[in-house]
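**Student:** Below: sequence and its predicted model.
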Amino acid sequence: TKMIDYTGNVAEQSVQVFVGGKLATRREIKNFDINSRGDATIQQITIFTTDENGENEGVTGYQEIRNREFDSEHNVKNQKVLNYLDDMKAVLLDVQEIRTLKFDARGNALKQLIATYAEVDANGDVVDTSILDCKDITNKVDSFGNAYEVVIKKYLDADIADVAGVNDGDIVPLEFSGIQ
């Protein structure tokens, strides 16, 4: 933890992953707009990767996450994730609208709908015609929280309702294409 706000919430943290005793990746996470319950509505994650020697660290990814809705256990139910090539945000890789419909007692996602898009408009809202796919994911987890069965139904299209803003409501998958 690098920074804690005045109410004790983690505002900035660094997560490092070592492989064979060498640094492989590092994630710098910044949390913004933390509400009175300690839930961050905006997160920025910069991903750094090293070479095979654990050196020459460089930015290899960047995410902006907008957490729109939480349940009483602080699980995120409605979010948008913008994935970029790097922290300059010049190249948008994709945008995911994620709705987690069911959690277990530990907070593991049991049921999710994820619609993935290639483009956003000037306001940062997904461009409906740029949809890449929609996934309906069902997880079965053991008592340790490990998924032992994952069923992914893929769809070619989806509709997202507008509630308080644009594309912030329910996701309705359309045009079934297969199952994994």
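**Tutor:** That came through, no problem.
**Student:** CA atoms for contacts and neighbours, from now on please.
**Tutor:** Fine.
**Student:** Give me the outermost residue of the chain relative to its centroid.
**Tutor:** What lies farthest from the middle of the chain is residue 53; by CA atoms, centre = their mean that is 29.2 Å.
**Student:** which one is it nearest to, not counting chain neighbours?
**Tutor:** Excluding the flanking residues, the one nearest residue 53 by CA to CA, 6 or more residues apart in numbering is residue 22, at 6.8 Å.
**Student:** Next, give phi and psi for that neighbour.
**Tutor:** When read as degrees, to the nearest 10, the backbone of residue 22 gives phi -120, psi 140.
**Student:** and the residue nearest the centre of the chain, how far is that from residue 62?
**Tutor:** The residue lying closest to the centre of the chain (CA atoms, centre = their mean) is residue 81, at 4.8 Å. Applying CA to CA, to the nearest Å, one obtains 10 Å for the distance of residue 81 from residue 62.
**Student:** Contacts only, for the nearest residue in space to residue 35 that is not next to it in sequence.
**Tutor:** Spatially, and ignoring its direct neighbours in sequence, residue 35 is nearest to residue 41 (7.5 Å; CA to CA, 6+ apart). Contacts for residue 41 (CA atoms under 8 Å, 6 or more residues apart in numbering) come out as 31, 32, 33, 34, 35, 65, 66, 67, 68.
**Student:** among those, which ones are buried?
**Tutor:** 31, 34, 65, 66, 67 (16 or more other CA atoms under 10 Å).
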